[in-house]
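Peer 1: quick one: sequence and predicted model below, then my questions.
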Amino acid sequence: MGLRANYQYLSDKDLVALKKFDNEDDIFETVEDWNDEAEILLDIDKNWDLLHYMLTGVSASDPIWEDPLSEAVVGVTSIEKIEDFIAYINKDRVSDILKALEDFDMESALESFSLEEGKEAELYPDIWDYDDEEEEIKEDLLDCFERMKEFYKEILEADGNVLVTIY
């Protein structure tokens, strides 16, 4: 199975509720319900760490404070004291994130990337010994990037917040 990343529309009301949770079981049950009912949803499967690396040059385990490209993948504010990763992005950051994504040249970044680089950076998931699948991996990553841009565009149009889950 592995760690999968999901991004979804989060209403102002649900954001207030998220900030008030103090029980880990309650938060996961509620987040799963929100995921089932999400108006706008993006699932990039296991590509979150590689996507973060392509956008920032570092693994998602080392997010970059106030970097909209890093925030696009791992959110802005994480929920502390829980085992899995849940974070959110307030609507006032969405336009900056979208602009940064639109200005980023993923095709050029992918041209200079090799699976050996991913292996050396110890990025998740461990797919770095599949040299015969390098083009497929890059195509999948480009697709995730394009879908992420579209997701943030939809969130901006809906004047929404974003919920990020990686588990």
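Peer 2: It's in. Numbers count the residues shown, from 1 in each chain.
Peer 1: list phi and psi for the residue lying closest to residue 119 once chain neighbours are set aside.
Peer 2: Leaving aside its sequence neighbours, residue 119 sits nearest to residue 128 (CB to CB, 6 or more residues apart in numbering; 3.4 Å). Bear in mind the C-beta positions are built from the backbone N, C-alpha and C, glycine included. Dihedral pair for residue 128: phi -80, psi -10, per degrees, to the nearest 10.
Peer 1: now residue 78
Peer 2: Backbone torsions for residue 78, taken as degrees, to the nearest 10, come to phi -90, psi 150.
Peer 1: would you confirm that it contacts residue 87?
Peer 2: Yes: with contacts counted by CB atoms under 8 Å, residue 78 reaches residue 87, the gap being 4.2 Å.
Peer 1: neighbour count: these two, which is higher?
Peer 2: Set side by side, residue 78 and residue 87 show more neighbours around residue 87, with 20 against 14, by other CB atoms under 10 Å.
Peer 1: taking the centroid of this structure, which residue is nearest it?
Peer 2: For the chain, the residue nearest the mean C-alpha position is residue 73 (2.9 Å; CA atoms, centre = their mean).
Peer 1: contacting residues around it?
Peer 2: Going by CB atoms under 8 Å, 6 or more residues apart in numbering, residue 73 touches 5, 48, 51-52, 55, 60, 63, 164.
Peer 1: closest to residue 98 out of these?
Peer 2: Nearest to residue 98 among these is residue 55, at 13.2 Å by CB to CB.
Peer 1: the closest one: which element?
Peer 2: Here residue 55, judged by DSSP states H and E, is contained in helix 48-56.
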